[in-house]
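whatever this is, show me its structure:
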Amino acid sequence: MKKWLIVLTVITSILFVSACGKAEEGASEASGSGEVKEFTIDATNFEFDLKEIKVNKGDTVKVTLKNSEGMHAVKFDGYNKEVKGDETIEFVANKTGEFEYICSIFCGAGHDDMVGKLIVE
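Numbers count the residues shown, from 1 in each chain. Next up, the predicted model:
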C-alpha cells in the first residue's frame, strides 16, 4: 500500500510540474511580440466600411464593431474570434495568410455581401 502511495505522489508531482510549464508557454503566445493595431468596423445593412485589415505576424489586433444600422457581428475565420456590436475583441495575429471575416448574424438578402479580409504578413 505504501509503495502505491509513493508512486501516486510521484506521478501527481510530474503532472503538476508539466502543467505549470504549459501554462507559461500559453501565456507567452497570448501576448504578441509586435505592435497593437486597433480597428473599428462600422456595419450597416449589407456592408462593412472596412473591407481589409492588414497587420504583421505577432501584432495584437483589437477590433471594435459599431452597428450603425441593423444587428451584426463579425467572425474571423482561421482565428475562431467573433465580435458583436459595440464590443471589442483582442487577439494575436499568430498565423500568416489571408483570412475572411464575415457577418455572423443573418441580416437579410444582402447578408452574403458582408465580407472583408484580414491579411497577416
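
does the residue nearest the centre of the chain have beta-bridge partners, and which?
For the chain, the residue nearest the mean C-alpha position is residue 81 (3.9 Å; CA atoms, centre = their mean). Assessed by DSSP bridges, residue 81 has beta-bridge partners residue 76.

and it, what does it touch?
Residues near residue 81 by CB atoms under 8 Å, 6 or more residues apart in numbering: 75, 89, 91. All C-beta spots, glycine's among them, are computed from the backbone N, C-alpha and C.

and the residues you listed as TSV, adding neighbour count?
Formatted as TSV, the contacts of residue 81 follow (neighbours: other CB atoms under 10 Å):
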residue	neighbour count
75	16
89	16
91	17
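
closest to residue 98 among the residues you listed?
residue 75 (15.3 Å; CB to CB).

that closest one touches residue 104, doesn't it?
Yes: contact criterion CB atoms under 8 Å: residue 75 and residue 104 qualify, at 4.0 Å.

can you show me the helices along the chain?
Here the chain has its helices, by DSSP state H, at 2-30.
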